[in-house]
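Student: My questions concern the predicted model and sequence given below.
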Amino acid sequence: MSIIVENVTKIYGKQKALNDVSFTAKPGEIVGFLGPNGAGKSTMMKIITGFLPANSGSVSVCGLEVSSNQIEIKKKIGYLAEQNPLYYDMYVREYLAFIAGIFKINDSKNKINEIIELVGLSLEQNKKIGALSKGYKQRVGLAHALLHDPEVLILDEPTTGLDPNQLEEIRNLIKKIGAKKTVMLSTHIMQEVEAICDRVIIINRGEIVANDSTKNLSSIFNQKSVIIVEFKKELSIKRIASIKGITKVEAIDSKSFKVYHNPEVEVRNELFNLAISENNSVETLHKETINLEGIFKELTSKN
């Protein structure tokens, strides 16, 4: 495993930012790390990269314990922080040459050329970083993270500020990188996770609440039997709830309802029969399918 996190707890004052967190990530895997603001995502990423110590537990990267191998770990990890720290008075190539010097990269000129081409900075490479748009500043940060060819890439909100075309380019780049490296990606964009991630870890209030592939998560949550039904005319919620097998009814409006029922019971015919008995009719009826955004909301809105 490239990343092994075991029973990590991080406390700020009286608040537990992380509570006994454990997970792994392997080579060639892109892992989406999701959670609401303040859930502990950035804290966990900073602990993995060695920028923050944990109060308890252990983290290893590429077989090295993070707390006791700080210098070696930084050679193994490329990190793009949420607040991308850059030297705005430096030119793009100048900045990357500076980073190459820190990592003592051989043949740095060719390596910089390669990375500039890879992240799409060719047209902006001779500009000052401070003169770049937010999207291009993100690309400089990504170039920094990739320059020393790390085995593990930690990306905290990497597509912030990108336009739709840039989003597609960076997503494709992350997918390409993920074929050879371990990529851990934090984002609030669910479509991004569904498009590029092999697995999803969802954290809420400092604890892991899901750790699975998007396909498996969708399969588990969509086993719930929920029907959305719309009638032509208004109908009493009590009449719908009286049907045998229906466990709960939520009104969307006076004519539309979300109907929960036992999976063993077929209630669609009963809904049609009810409409007929009430001199009404069913306009639409379909099973509700929960996407990743719905799963995220359900898991993180509890408590």
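Tutor: Perfect, thanks for sending it. Numbering: from 1, shown residues only.
Student: which residues in the stretch 201-303 of the chain form helices?
Tutor: 214-221, 237-241, 268-277, 292-300 (DSSP state H, counting those that start in this stretch).
Student: looking at the ones you listed, which is closest to Thr43?
Tutor: Smallest distance to Thr43 across the helices of the stretch 201-303 of the chain (Cβ to Cβ): 16.2 Å, for helix 292-300. No exception for glycine: its C-beta is placed from N, CA and C like everyone else's.
Student: From the contact counts, what lies against the closest one?
Tutor: helix 190-196, strand 199-204, strand 207-212, helix 214-221 (3 or more Cβ pairs under 8 Å, 6 or more residues apart in numbering; DSSP states H and E).
Student: can you list contacts of it?
Tutor: 34-36, 39, 190, 193-194, 200, 202, 204, 209-210, 214, 217-218, 221, 290 (Cβ atoms under 8 Å, 6 or more residues apart in numbering).
Student: got the residue ranges for the strands in the stretch 101-250 of the chain?
Tutor: If DSSP state E, counting those that start in this stretch is used as the criterion, the strands of the stretch 101-250 of the chain fall at 152-156, 182-186, 199-204, 207-212, 226-231, 246-251.
Student: can I get those strands in JSON lines with mean pLDDT, mean neighbour count and distance to Ile99?
Tutor: Converted to JSON lines, those look like this (pLDDT from 0 to 100; neighbours: other Cβ atoms under 10 Å; distance: least, Cβ to Cβ, whole Å):
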{"stretch": "strand 152-156", "mean pLDDT": "93", "mean neighbour count": "24", "distance to Ile99": "15"}
{"stretch": "strand 182-186", "mean pLDDT": "94", "mean neighbour count": "26", "distance to Ile99": "20"}
{"stretch": "strand 199-204", "mean pLDDT": "94", "mean neighbour count": "23", "distance to Ile99": "29"}
{"stretch": "strand 207-212", "mean pLDDT": "94", "mean neighbour count": "17", "distance to Ile99": "33"}
{"stretch": "strand 226-231", "mean pLDDT": "93", "mean neighbour count": "18", "distance to Ile99": "51"}
{"stretch": "strand 246-251", "mean pLDDT": "92", "mean neighbour count": "14", "distance to Ile99": "54"}
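Student: Where does the prediction get shaky in the stretch 151-300 of the chain?
Tutor: The stretch 151-300 of the chain contains residues with pLDDT under 70 at 222-224.
Student: burial measure for Leu123, as a count.
Tutor: 9 (other Cβ atoms under 10 Å).
Student: who are the neighbours in contact with Ile243?
Tutor: Per Cβ under 8 Å, 6+ apart, neighbours of Ile243: 267, 270-271, 274.
Student: quick one: Asn106 from Tyr79, how far?
Tutor: The gap separating Asn106 from Tyr79 is 22 Å, by Cβ to Cβ, to the nearest Å.
Student: Name the residue in those two with the higher neighbour count.
Tutor: Between Asn106 and Tyr79, counting by other Cβ under 10 Å, Tyr79 is the more crowded of the two (21 against 8).
Student: Validate this expectation: the more buried one resides in a strand.
Tutor: Yes: counting by DSSP: H, G, I helix; E, B strand; the rest coil, one finds Tyr79 located in a strand.
Student: still on that earlier bit, between the helices of the stretch 201-303 of the chain, which gets nearest to Asn7?
Tutor: Nearest to Asn7, of the helices of the stretch 201-303 of the chain and by Cβ to Cβ, is helix 292-300 at 21.1 Å.
Student: doesn't Glu192 make contact with Leu34?
Tutor: No: in this structure Leu34 lies outside contact range of Glu192 using Cβ atoms under 8 Å: 10.2 Å.
Student: Which strands and helices lie in contact with the lengthiest helix in the chain?
Tutor: Looking across the chain with DSSP state H, the single longest helix is helix 164-178. Packed against helix 164-178 by the contact rule (3+ Cβ pairs under 8 Å, 6+ apart) you find strand 30-34, helix 108-119, helix 134-146, strand 182-186, helix 190-196.
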